[in-house]
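Visitor: Sequence plus the predicted model coming up.
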Amino acid sequence: MINYMQHYDNRLNGILRATLIFTSIFILNNTAQCQDGAEKEYTLAEKNIQHAKENLPRQVYTEDPELTRQVHNLYIDCLFDKLWEPALPGLPHKWFSITGEGDESYGKCQLQWDPMFVLNAWAPLDDNEVAQEVFKNFWNIIDNNPEAPEGSYRYGMIPCTTTPDFPQNGYSQIPILAWGCLMVFNQTNDFELLEQSIPYLDKFFTWYVNERDVDNDGLIEYGAYKKTSIGDITQSARFETFDFHATLDDLQLTEHPTRGTGGAWYGNIEGVEQTSFLAMSERAMIEMCEITGREEMRDKYVKRLDKRTEAIRTQMWDPETKFFYSLNRDTGEKIRIKTLQGFLTLTAGLASEEQAKELVKHLTDPAQFWSKYPVTTSSMEEPTFKPDGFWRGDMWPPTNYLLALGLNRYGYYDIAIDLADKMQELLEKYDGHAYERYNGVDGIGIGVKDYCWGIASWSIAVNTIYGIQEDYRTIVIPPDAKGRHLKIGKLEVKYPTNSSVELKTAFEREFRVVFQGQTGQIKVWCNGKIVKKKNLSIEASEVTFTAMPGKTYIVSKG
C-alpha cells in the first residue's frame, strides 16, 4: 500500500509541477484572441487541483489496487489539467475545458453537455464549490448575453459553447443540464446547488420548449440564430446535437411556422435524441422540485414529460421495424435510419416495457450495434455506416455511459455490465487512457487522447459493476459480487458475500437494495441489531430503509 501511494503521490505531484511550469508556457501557447484584438490568458485552478489531489485517494478507491491506480490515472489525465480560473467576462467562475495542457484541438471554452460527465465524476472529491461555479457560468450567460436579453425570443438560451467574450454562439446543445445537476446532488447532498440552479434551469427549459418545439407537439427540433465561423447556419443547427448524424443530412431551416417573425432559425427535423435528452432533464426537474418543495413548478414539468412520453411512443415508434426514428416536422414522415438515438429513450424512461424489449434486441445484435466494442453510433447495416465516421458508426464513452444507465433503468443489468466490461477492455488496450471516441469496429482510438469525458468510462463501472444506480440510493446486487468494495465520495459499498451488501453513507439516504432473481427473507442489520426484515417471494426481491450518516448497515438475504 505504501509503495502504491508513493507512486500515486509522485504522479500527482508531477501534474502539479507541470501545472506551475505550464502556467508560463500556457500564456504563450494557449491564449485566445479577444474581440478587441488583445490576447486572453488563462490560469489553471491550482488550489482546487491540489484539493482534488489530496482527496482522490481517500474518496475514490476499490478493492483492487491495480483498478484503483487505473481509476486515479483517469482522474489525473481527464480532469486535473482542465480546470481553470475565471476568464472574464463570459466565464466569471471556475470552468472545465474539454482539453487541457497545450492541446489546441479545440478552443478554450465551457461546453454544455461535456461538463455534466466531468462533474458527475468530480462530485466525490468533496469540492462543492467547483460544481457550483461551473453551473454559475451558465447562469451568468442567461443574465448577461447581449444577444439574448430578457423579453426576447432568445432569453434563457444557454449556448453550446460558453466563451470568455460576449456575445456567444447563436445555437444551444444537448439539454441535460438538469440531469447533470441532479447527478451531482445525488452524490453530494448539496442543497445550495439546487437552490441556485433550479430558477435558471427553469428559464433555460422554458426557452427550449418555446424555441425547439415550434409546433408544440412534444417533439424537439434543432435550430440556430446565426452561423459559426466553421459552418453555415444549417450546420450550426446540427451542432446542437450529434452534429454529423446521418439523420440530419437533409436538415433545412425555416421561419417559425406560426409566429411569423424572425429569421429562418428553426429546423424541420424532430430528433429522438434531443427529445430524450430534454425528457431526462424534465425528469430531473420533477425530482429536484419535489426535494425543494416547488409543487407548482413540479406539476408543470410532470405535464410536459407526460406529453413528451406519449408523443415519442406514438409518433416516433415504428411498429414494423420496432425502432424509434426521427421525423420530418412538417410531414410526420419517419427518417428510417437506425442510430443509437433510438436507445436514448431507455435512458430517458420514454420507452414502454415492450418497446424496451424490442430495442434491446437491436442493441445486442452483433450485425447492428453490438460490435466488438459496442455501441456503434449507427447500425452497421446502414448504407451510411462508417466505423470511424463522426456519429456515423464510431463509438463514444459518454453515449455508452448513458446507454448503460438506460439498460439499468429497465432492468437489463447484465447487458449493462457487459457494456462496462467492453469499456474496461478498451481502457486496458490503451494502458488506461481514454480517447474522445473510437472506431466502432476495431476500437482504435480516434480524436483527443485523455479527452475530458473519458472519465465516463469509469462512471459506467460505478453504475454497473458495483451496482450503484444513478440515484446513488438504489443498489442492485451484481452477479458474483463477493469481495467487491467501492468508496465513491460520501458512499461506501462492500459485498461480503454474493447475497449481502454493506453500506455506509455520509448523509441520510433512503436506500433501496435489490436482489436479482432471489427469494426469501431479507434482513437489514445495524450495530449488531436487525432494524428491518422482509419476507419476499417475488423474482426481484428488494427492501428499502433509511440510513443515518456514519453508521454501517448490512443487508443480507437468507
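Guide: Here it is on my side, so go on. Numbering: from 1, shown residues only.

Visitor: can you list the domains in the protein?
Guide: Domain ranges of the chain: 171-362, 364-465, 485-557, per automatic domain parsing.

Visitor: Show me what counts as buried in stretch 297-311.
Guide: Met297, Arg298, Lys300, Tyr301, Arg304, Leu305, Lys307, Arg308, Thr309, Ala311 (16 or more other C-beta atoms under 10 Å). The C-beta positions use only the backbone N, C-alpha and C, and glycine is treated the same way.

Visitor: okay if I get those as CSV plus secondary structure and distance to Thr161?
Guide: Shown next, in CSV, are the buried residues of stretch 297-311 (DSSP: H, G, I helix; E, B strand; the rest coil; distance: C-beta to C-beta, whole Å):
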residue, secondary structure, distance to Thr161
Met297, helix, 28
Arg298, helix, 31
Lys300, helix, 29
Tyr301, helix, 27
Arg304, helix, 27
Leu305, helix, 28
Lys307, helix, 30
Arg308, helix, 26
Thr309, helix, 31
Ala311, helix, 30
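
Visitor: Now flag whichever of those is closest to Ser229.
Guide: In terms of C-beta to C-beta, no member of the buried residues of stretch 297-311 lies closer to Ser229 than Arg308, at 33.8 Å.

Visitor: Next one: the closest one relative to Pro319, how far apart?
Guide: Note on Arg308: its distance to Pro319, by C-beta to C-beta, to the nearest Å, is 20 Å.

Visitor: could you give me the average pLDDT of the helix or strand hosting Ile76?
Guide: Element membership for Ile76 (DSSP states H and E) is helix 65-78. For helix 65-78, the mean per-residue pLDDT is 97.

Visitor: got it, and stretch 331-344?
Guide: 98.

Visitor: Quick check: buried residues in that stretch?
Guide: For stretch 331-344, burial by neighbour count (16+ other C-beta under 10 Å) applies to Lys334, Ile335, Ile337, Lys338, Thr339, Leu340, Gln341, Gly342, Phe343, Leu344.

Visitor: Next, give phi and psi for the third one.
Guide: Summarising the backbone geometry of Ile337 under the convention degrees, to the nearest 10, its torsions are phi -120, psi 120.

Visitor: give me every residue that touches the residue nearest to Asn498 when sequence neighbours are not counted.
Guide: Using C-beta to C-beta, 6 or more residues apart in numbering and skipping residues adjacent in sequence, the residue nearest Asn498 is Lys482, 4.8 Å away. Taking C-beta atoms under 8 Å, 6 or more residues apart in numbering, we find Lys482 in contact with Tyr495, Pro496, Thr497, Asn498.

Visitor: packing partners for the helix or strand where the first one lies?
Guide: So the one you mean is Tyr495. Element membership of Tyr495 [criterion: DSSP H and E] is strand 491-497. If contacts are counted by 3 or more C-beta pairs under 8 Å, 6 or more residues apart in numbering; DSSP states H and E, strand 491-497 sits against strand 485-488, strand 500-505.

Visitor: can you dump the C-alpha coordinates of the last one into PDB?
Guide: In PDB, the C-alpha atoms belonging to strand 500-505 read as follows (Å, rounded to 0.1, in the frame of the first residue of the first chain):
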ATOM      1  CA  SER A 500     -25.200  -9.400   1.100                       C
ATOM      2  CA  VAL A 501     -24.100  -5.800   0.900                       C
ATOM      3  CA  GLU A 502     -22.600  -3.400   3.500                       C
ATOM      4  CA  LEU A 503     -23.500   0.300   3.100                       C
ATOM      5  CA  LYS A 504     -22.200   3.400   4.700                       C
ATOM      6  CA  THR A 505     -23.300   7.000   3.900                       C
END
